[in-house]
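**Student:** I'd like to go over a predicted model; first the sequence, then the structure.
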Amino acid sequence: MDEAWLLKECRKGNPKAQEILYKQFASKMMGVCIRYAADRDTACDILQEGFVKIFAHLQDYSASGSFDCWVRRIFINCALEKIRKERLITEAIDPYPEQQDSIPSALEKMTADELLQLVMNLPEGYRTIFNLFAIEGFSHKEIAEMLHITEGTSRSQYARARQALQEMIRKMYL
């Protein structure tokens, strides 16, 4: 299906075109939402909010970049808004001990779903920073600007998230 036609029809409010657009992105964006949410219900809320924003602001898409990237950015921003609203980004108090000896072999035994589940079990602040940096590829400077925190806080949250993941993996496989 031609993307230009689909976007034009969605802008006109064509329900069939909107349904096609929804079906095209829903499962992929649910994966993004799940990585940021504490549970599936929250992820569904973020997904719904994201599509509301997409349809409300479709006229703002300028076609200067990839539509997929524009959509993904909206969902990431919706997830971050939800987190900010609930004031769940906090600096962690207790750092985890740094031990890395058996992590590579344990990672080889894990499935992607198991790793995703561990990421979902991270505290909200850790999970958010981990997703933005390790999965979405944002720099610590960009993360700091998005979340209104310092670069140092972003770096320390990411380091602590990695340590927490390592500890969870160690407990599962050792």
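**Tutor:** Done, it's in.
**Student:** phi, psi of residue 138?
**Tutor:** phi -80, psi 150 (degrees, to the nearest 10).
**Student:** Surely it touches residue 147?
**Tutor:** No - using CB atoms under 8 Å, residue 138 makes no contact with residue 147, being 10.1 Å away. Glycine gets a C-beta too; all of them are placed from N, C-alpha and C.
**Student:** Give the next helix or strand downstream of the lowest-mean-pLDDT helix or strand in the chain.
**Tutor:** For the chain, using mean pLDDT, DSSP states H and E, the weakest element among its helices and strands is helix 103-109, scoring a mean of 51. Using DSSP states H and E, the helix or strand that follows helix 103-109 in sequence is helix 112-120.
**Student:** Pull out the buried positions in that following helix.
**Tutor:** 118-120 (16 or more other CB atoms under 10 Å).
**Student:** packing partners for it?
**Tutor:** helix 15-36, helix 124-130, helix 151-173 (3 or more CB pairs under 8 Å, 6 or more residues apart in numbering; DSSP states H and E).
**Student:** so of the ones you listed, which one's packed in deepest?
**Tutor:** helix 124-130 (a mean of 23; mean count of other CB atoms under 10 Å).
**Student:** on contacts alone, who are the packing partners of it?
**Tutor:** helix 15-36, helix 67-85, helix 112-120, helix 140-147, helix 151-173.
**Student:** got the angle between the third one and helix 151-173?
**Tutor:** On the basis of axes from the mean of the first three to the mean of the last three CA atoms, to 10 degrees, helix 112-120 is oriented at 130 degrees to helix 151-173.
**Student:** so helix 112-120 versus helix 15-36, what angle?
**Tutor:** 70 degrees.
**Student:** pLDDT (mean, whole number) over helix 112-120?
**Tutor:** Regarding helix 112-120, the rounded mean pLDDT is 78.
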